[in-house]
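Asker: The following block contains a protein sequence and its predicted model.
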Amino acid sequence: DAKTTQPTSMDCAEGRAANLPCNHSTISGNEYVYWYRQIHSQGPQYIIHGLKNNETNEMASLIITEDRKSSTLILPHATLRDTAVYYCIVGYNNDMRFGAGTRLTVKP
Amino acid sequence: GAGVSQSPSNKVTEKGKDVELRCDPISGHTALYWYRQSLGQGLEFLIYFQGNSAPDKSGLPSDRFSAERTGGSVSTLTIQRTQQEDSAVYLCASSPLTGAQETQYFGPGTRLLVL
């Protein structure tokens, strides 16, 4: 069973920041937070991961709260191609439990 | 370079038949993972390999499912006596190692339909 809860769906206007929340209140001290996304009919694509500190790469930023019980994925300037299901996963690389994710729809 | 490839891309079979799904990981990747995704659902973890060994097979849904990996590369997922509830997309992923810092690279999946 997934250890995370995410909203089922979200909308975002093209060009605006998309902020996707994730709750993981039972995370243990050495588990990472991973984000993947899945565009329709494709395999999931890695976005970003972190342990305690906030992380940023060319795709997104990951903000993890100090108590590590929740996190937010930020897509700074969403485009139509960012429409996808976004999965927040807590665990280890060899034990990743995907939940249902958040279906993000970017609208023109 | 080449990514993870899976074959066949689509498979239609009759209930009761056996099917074999293949995964070619990225060259040099030690770890290989199998997932199942039913229509409109999230991914269900099935099994992972570290090299040729599978430390944990508890994710396999029944004893009709088996997987093997030979030569530390190609893996096959076999479903015996297929049932209609086995219909799903079967996804394979690989990563250089199984460490927490490793990214999983997914293949396009095999769409299995059991009639």
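Answerer: Yes, it's here.

Asker: Give me the number of neighbouring residues for the one residue in chain B that gets nearest to chain A.
Answerer: Residue of chain B nearest chain A, by CB to the nearest CB: residue B:106 (3.2 Å). Where you see a C-beta, it was placed from the backbone N, CA and C, and this is true even at glycine. Neighbourhood size, residue B:106 [other CB atoms under 10 Å in any protein chain shown]: 22.

Asker: likewise residue B:58?
Answerer: 8.

Asker: Verify the stated contact: residue A:57 with residue A:48.
Answerer: Yes - proximity of residue A:57 to residue A:48 meets the contact threshold set by CB atoms under 8 Å, at 5.6 Å.

Asker: So those two - more neighbours on which side?
Answerer: Neighbours per residue (other CB under 10 Å) separate residue A:57 from residue A:48, with residue A:48 holding more: 19 against 11.

Asker: Pull out the buried positions in stretch B:20-29.
Answerer: If you call a residue buried by 16 or more other CB atoms under 10 Å in any protein chain shown, then stretch B:20-29 has these buried ones: B:21, B:23-26, B:29.

Asker: what does chain B put close to chain A?
Answerer: Neighbours of chain A within chain B, by CB under 8 Å from any CB of the partner chain: B:4, B:31, B:33, B:35, B:41-45, B:48, B:50, B:55-56, B:91, B:93, B:95, B:97-109.

Asker: now the residues you listed: which count as buried?
Answerer: Of the residues of chain B next to chain A, these count as buried by 16+ other CB under 10 Å: B:4, B:31, B:33, B:35, B:42-45, B:48, B:50, B:91, B:93, B:95, B:98, B:102-109.

Asker: that's a strand at residue A:81, yeah?
Answerer: No - using DSSP: H, G, I helix; E, B strand; the rest coil, the assignment for residue A:81 is helix, not a strand.

Asker: Contact partners for residue A:80?
Answerer: Applying CB atoms under 8 Å, 6 or more residues apart in numbering or on different chains to residue A:80 gives the contacts A:14, A:106, A:108.
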